[in-house]
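S.K.: Sequence first, then the predicted structure:
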Amino acid sequence: AEDKGDHYLVNGQKTWTSGGQWADKCFCLVRTSRADKHKGISFLLIDMHAPGVEVKPIKMISGMSPFCETFFTDVEVPKENLVGEEGQGWTIGKKLLQHERTNLSGGGALAALNSQPLGKVAERYIGLDENGKLADAELRVKIADFEMRWNAFLLTARRAMEESKAQGGVSEISSILKKAGTKLGQERAELMIAIQGYRGLGWEGEGFEQKELDGTRAWLFGKATTIYGGSTEIQNNIIAKRILGMLDHQ
């Protein structure tokens, strides 16, 4: 972003702009100085309808296009759209990511997936034995194991939320929640497919219920959750450095 007096002139490209095709505004971390790796980054709000902004939706394996590739070519951004001060963008962005990761860890699609108890779904597709237990013993154990870990995670997330309220903001624990919650979400989707068998692999057309088709696409979409908002590998680095206090290997 070049300083042009009363405005910045922005050039660049961003991949994975969530909801970019519907948004009126977006924020960008832009480089306003090359003097320092982090302090040279600023936080700008940009009008998505401004001349020079081009948005291209990206189709995922689930068939949906919630992400976009966004191009900025000589986009004029008024100085009043600067959030904070020049050079504070990295600090603002990190705090924003902590909120995002806390939300992604157990909200949204993961909460919707959990609206159907796995035991009830398995009872419908697999049936019960003469003792009133799920007929597939191995799957029964997997469901019980998942439910215990999922409920333990919910309790941990609740504790973290209360701690955040007391501290007046989120912390690096958001990386733990994001890493654990998204992995659990993927496990649950895999279990749902295993429970439903071939009925959990429908894509479109007759022969499948709508919620079965939705489940297939949710399973595929869920592969993105350990990538967006900071990949699992990035969360591992943050946990090692910021929470466990481990130094970089020399």
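M.R.: Yep, it's here. Residues are numbered from 1 along each chain as shown.

S.K.: among the helices and strands of the protein, which has the poorest mean pLDDT?
M.R.: helix 109-113 (a mean of 47; mean pLDDT, DSSP states H and E).

S.K.: Counting residues, which helix of the chain comes out longest?
M.R.: helix 137-167 (DSSP state H).

S.K.: Which positions in that one come out as buried?
M.R.: Buried residues in helix 137-167, counted by 16 or more other Cβ atoms under 10 Å: 139-140, 142-143, 146-147, 150, 153, 156-157, 160, 164. Just so you know, the C-beta spots here come from the backbone N, C-alpha and C atoms, and that holds for glycine as well.

S.K.: just the angle between the helix or strand just after the least confident helix or strand of the chain and helix 137-167, please?
M.R.: Heading C-terminal from helix 109-113, the first helix or strand you meet, by DSSP states H and E, is helix 118-125. In terms of direction (axes from the mean of the first three to the mean of the last three Cα atoms, to 10 degrees), helix 118-125 departs from helix 137-167 by 150 degrees.

S.K.: Can you list the helices and strands that helix 118-125 packs against?
M.R.: Contacts defined by 3 or more Cβ pairs under 8 Å, 6 or more residues apart in numbering; DSSP states H and E place helix 118-125 against helix 137-167, helix 173-196.

S.K.: sec struct for the spatially most distant residue from the centre of the chain, please.
M.R.: Seen from the C-alpha centroid of the chain, the residue lying at the greatest distance (Cα atoms, centre = their mean) is Glu130, 42.4 Å away. Following DSSP: H, G, I helix; E, B strand; the rest coil, the label given to Glu130 is coil.

S.K.: which stretches of the protein have low pLDDT?
M.R.: Low-confidence segments of the chain (pLDDT under 70): 103-115, 170, 247-250.

S.K.: can I get the buried residues of helix 137-167 in JSON lines with distance to Gly40?
M.R.: Formatted as JSON lines, the buried residues of helix 137-167 follow (distance: Cβ to Cβ, whole Å):
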{"residue": "Leu139", "distance to Gly40": "54"}
{"residue": "Arg140", "distance to Gly40": "56"}
{"residue": "Lys142", "distance to Gly40": "49"}
{"residue": "Ile143", "distance to Gly40": "51"}
{"residue": "Phe146", "distance to Gly40": "45"}
{"residue": "Glu147", "distance to Gly40": "48"}
{"residue": "Trp150", "distance to Gly40": "42"}
{"residue": "Phe153", "distance to Gly40": "38"}
{"residue": "Thr156", "distance to Gly40": "37"}
{"residue": "Ala157", "distance to Gly40": "35"}
{"residue": "Ala160", "distance to Gly40": "32"}
{"residue": "Ser164", "distance to Gly40": "30"}
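
S.K.: for those, which one is nearest Val10?
M.R.: Checking the buried residues of helix 137-167 against Val10 with Cβ to Cβ, the nearest one is Ser164 at 33.0 Å.

S.K.: Was I right to think that closest one contacts Leu177?
M.R.: No: the pair Ser164 and Leu177 fails to qualify as a contact (Cβ atoms under 8 Å) at a distance of 10.4 Å.

S.K.: so what sits against both of these two?
M.R.: Taking Cβ atoms under 8 Å, 6 or more residues apart in numbering as the contact rule, Ser164 and Leu177 both touch Thr102.

S.K.: quick check: angle from the longest helix of the chain to helix 173-196?
M.R.: Using the same axes, to 10 degrees, helix 137-167 lies at 160 degrees relative to helix 173-196.

S.K.: which element follows the longest strand that the chain contains toward the C-terminus?
M.R.: The single longest strand within the chain, with elements called by DSSP state E, is strand 67-78. Per DSSP H and E, the first helix or strand lying C-terminal to strand 67-78 is strand 82-83.

S.K.: Just give the strands next to that next one in its sheet, each with its orientation.
M.R.: If you go by DSSP bridges, strand 82-83 pairs up with strand 41-47 (antiparallel).
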